[in-house]
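S.K.: Just need the structure, nothing else, for what follows:
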Amino acid sequence: MRLCITTLLLFFLFACSSDGRKVNYKVIPPSRLKTIIEESHSAVSLQKQKKHRKNPGKVVVVTYYRQPDSIRLHNIEILRASGIQPDFSEPLNKALLLSKGSDTLFRSAITLSRDRVLKIGFDNDIFDYTDQFYTNGIRFDYVAPAFSDNPVKHILLPYWGKAKNYYGLSVVQNLYTPSTTKVGGILYGDRPYSAYLYFGSFKITNDELHHFRQTSELDLGVIGPPSLGGTVQDLFHKYIPYNNEPLGWDYQICTDAVINYNFALEKGVINTRHVQLILTGSGAIGTLYTNFGGGVNLRLGWFNDYFSDLGIRKRRVLKAKGDRVTQCFFTIRSAARLVAYDATLEGGMINHNSSYTIPASAISNFVSQSSIGFTVTYGAVGIELEQNVLSPEFSHRWWHAWGHVGLLFAL
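M.R.: Numbering: from 1, shown residues only. I've put the predicted structure just below:
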């Protein structure tokens, strides 16, 4: 008897709660469910009622809001599954990780290049039978994805479009002497002896679609005797026939810190298979150089797009992409810059105890530089030759020329 009464009571309560109407529970497709979630970010549950004249119904959907961390992990999984390796130091990529559209990630993510490139550059005016002013320079650049973990990356220039990032480290030593090294003591009115050595951390961003390259670099080092400029030139002159022992390094620019931030912007305005014209802009701010300038770079010959890589890649990678395995082209560069400060002439910014420097009033505030070069690469190896000419840097009014040899390796 109690069982019957209980059953009747439950039936009555159920009938009252439904107002005599049939309740329809519908299954929401995943795509529709995603749209509902996107329309209500802060909702913990969502209730939506749909009424129909003949068959009114009630749909109840209970779901949970996807937290930012969950969205981030979900998007990372999508990128990994697609073989895309984004550079998470870019603000753009950080924003994309919280977006709820994977198609946006595929279109706009800034990726990290897996290329490993070694460049060795050697400058010397011996190629022009002189030994003065900018007389010797050595630069090593090594690009590898492991350098993307360098904390310096946080102050390098970000980018806001689909592109590819390259990170690298550099070591640079440059030497400067007066118009002759055969006379000891101070040559007043001439260039002072100076040399610097620094380590740089740089980032190169290539936007192949828009033919744009962006480079930024932070340099830390020293100018003065600790840079070993005098030692290097002594050794060089010792083993090169007919060279005298350089005199005057005792009066070089005194020891000071090198802290410099450099940037460069390059935009291709003509981009064909055999001709490429690139506009350039650059700047440097710091204790070594402060200047701003711009110019043009013309490439003629058989080459891959300047903005597709760093000029050298492994043979199999080039073949897979459909690029040229062999490149052979000429380069013609011309640029000018406004000079605000040059420590190799004026002395260090902190230490003012140098025996001899050139006053700021005697420094040329406008300097131009031009060059013509030839580059050949085959797969993972290449060589570049270049002749440079520089207008007078101070009141001595002497132009200067030097040669450049560069070796390129894709590792």
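S.K.: what's the burial count for the residue nearest to residue 283 when sequence neighbours are not counted?
M.R.: Using CB to CB, 6 or more residues apart in numbering and skipping residues adjacent in sequence, the residue nearest residue 283 is residue 292, 4.4 Å away. In short, each C-beta sits where N, CA and C put it, glycine included. Counted with other CB atoms under 10 Å, residues neighbouring residue 292 total 14.
S.K.: begin at 316 from here
M.R.: Renumbered: residue one is now 316, and that last one reads residue 607.
S.K.: Report the beta-bridge partner residues of residue 607.
M.R.: For residue 607, the beta-bridge partners are residue 598, residue 653 (DSSP bridges).
S.K.: Just the helices from the chain, written as ranges.
M.R.: Ranges of helices within the chain are 317-332, 345-354, 383-396, 406-412, 417-423, 544-554, 630-636, 658-661, based on DSSP state H.
S.K.: Where does the prediction get shaky in the stretch 416-565 of the chain?
M.R.: Counting by pLDDT under 70, the stretch 416-565 of the chain has low-confidence residues at 416-422.
S.K.: Show me where it has its strands.
M.R.: 426-427, 432-439, 448-458, 479-492, 509-522, 527-538 (DSSP state E, counting those that start in this stretch).
S.K.: Which other helices and strands does the first one contact?
M.R.: Right, strand 426-427. In terms of contacts (3 or more CB pairs under 8 Å, 6 or more residues apart in numbering; DSSP states H and E), strand 426-427 is packed against strand 479-492.
S.K.: Dump the strand it packs on to PDB, restricted to CA.
M.R.: The C-alpha coordinates for strand 479-492 follow below in PDB (Å, rounded to 0.1, in the frame of the first residue of the first chain):
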ATOM      1  CA  LYS A 479      60.900  33.800 -38.700                       C
ATOM      2  CA  ASN A 480      63.400  34.600 -35.900                       C
ATOM      3  CA  TYR A 481      67.100  33.800 -35.900                       C
ATOM      4  CA  TYR A 482      69.100  34.300 -32.700                       C
ATOM      5  CA  GLY A 483      72.900  34.500 -32.500                       C
ATOM      6  CA  LEU A 484      76.000  35.500 -30.700                       C
ATOM      7  CA  SER A 485      78.900  37.600 -32.100                       C
ATOM      8  CA  VAL A 486      82.500  38.400 -31.200                       C
ATOM      9  CA  VAL A 487      84.000  41.500 -32.700                       C
ATOM     10  CA  GLN A 488      87.400  43.200 -32.600                       C
ATOM     11  CA  ASN A 489      88.300  46.300 -34.500                       C
ATOM     12  CA  LEU A 490      91.600  48.200 -34.700                       C
ATOM     13  CA  TYR A 491      92.200  51.900 -35.700                       C
ATOM     14  CA  THR A 492      95.600  53.600 -36.200                       C
END
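S.K.: so it versus helix 544-554, what angle?
M.R.: 70 degrees (axes from the mean of the first three to the mean of the last three CA atoms, to 10 degrees).
S.K.: Name every strand pairing with strand 479-492 and say which way it goes.
M.R.: Looking at strand 479-492 with DSSP bridges, what it pairs with is strand 426-427 (parallel), strand 448-458 (antiparallel), strand 509-522 (antiparallel).
S.K.: And that strand, what's buried?
M.R.: For strand 479-492, burial by neighbour count (16 or more other CB atoms under 10 Å) applies to 479-485, 487-492.
S.K.: and these as CSV, adding distance to residue 401?
M.R.: CSV is the format used below for these (distance: CB to CB, whole Å):
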residue, distance to residue 401
479, 10
480, 9
481, 14
482, 14
483, 19
484, 22
485, 25
487, 30
488, 36
489, 36
490, 41
491, 43
492, 47
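S.K.: just those now: which is nearest residue 553?
M.R.: residue 490 (14.9 Å; CB to CB).
S.K.: Let me know whether residue 702 touches residue 689 as I believe.
M.R.: No - with contact defined as CB atoms under 8 Å, residue 702 does not count as touching residue 689 (9.5 Å).
S.K.: separation between the closest residue to residue 517 other than its chain neighbours and residue 432?
M.R.: Nearest non-adjacent residue to residue 517, counting by CB to CB, 6+ apart: residue 532, 3.7 Å away. For residue 532, the distance to residue 432 (CB to CB, to the nearest Å) stands at 15 Å.
S.K.: cool, and residue 483?
M.R.: In terms of CB to CB, residue 483 sits 8 Å off from residue 432.
S.K.: list the contacts for the residue lying closest to residue 673 once chain neighbours are set aside?
M.R.: Leaving out its chain neighbours, the residue that sits closest to residue 673 by CB to CB, 6+ apart is residue 660, at 4.6 Å. If you count contacts by CB atoms under 8 Å, 6 or more residues apart in numbering, residue 660 has them with 506-507, 509, 672-673, 678, 708-709.
S.K.: repeat that for 7 Å
M.R.: Contact analysis of residue 660 by CB atoms under 7 Å, 6 or more residues apart in numbering lists 506, 672-673, 678, 708-709.
S.K.: hang on, the earlier thing: now for the buried residues of strand 479-492: which two are most distant?
M.R.: Of all pairs in the buried residues of strand 479-492, the most separated under CB to CB is 479 and 492 at 40.6 Å.
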